[in-house]
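1. 3D model of this:
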Amino acid sequence: MPEYVVHYRELIRGLKQLEDDERRNVRVELRHIGDAVKNDAAGRIAPKSAKTAAGFKVSVTQRSVAVYQSLKKTTGKHPEWGGYQIRRALLPARRDNEVETHLAVERALDKASTAFNRAGIGG
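-> Model prediction:
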């Protein structure tokens, strides 16, 4: 897992103790983080290929928030295309959204801790 999001795993584990709607709300916040990076990456790659831009998806799992390419390789004639997407769209989008990502994770943590305190879970 990337080092720039600290304690993400603990956050997701802690969410299991929340009510279903509270857990869903925090996961929605986390999905918004991925959506911001996805939209940025799609904007960067769209001039080359609108189809590729439309293929970017977001996944929120136990281990991470991931932005990935959902389209399968079509012809194999351009084996460097996957690397191009990563170098020219996904990594720069992640880098440029890093500050917003940290702030959004903090908001998600704040919401989770508020819910813990309201439910008397934390302590």
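2. hey, which helix or strand in this structure has the poorest pLDDT?
-> helix 8-15 (a mean of 72; mean pLDDT, DSSP states H and E).
3. report the angle between the lengthiest helix in the chain and helix 8-15.
-> Across the chain, the longest stretch assigned as helix under DSSP state H is helix 20-45. Helix 20-45 runs at 150 degrees relative to helix 8-15, counting by axes from the mean of the first three to the mean of the last three Cα atoms, to 10 degrees.
4. give me the distance from helix 20-45 to the chain's centre.
-> 5 Å (Cα atoms, centre = their mean, to the nearest Å).
5. which parts of the next helix-or-strand element following it are buried?
-> Sequence order places helix 50-54 as the next helix or strand after helix 20-45, per DSSP states H and E. Of the residues in helix 50-54, T52, A53 count as buried by neighbour count, 16 or more other Cβ atoms under 10 Å. The way it works is simple: take the backbone N, C-alpha and C, and place the C-beta from them, glycine included.
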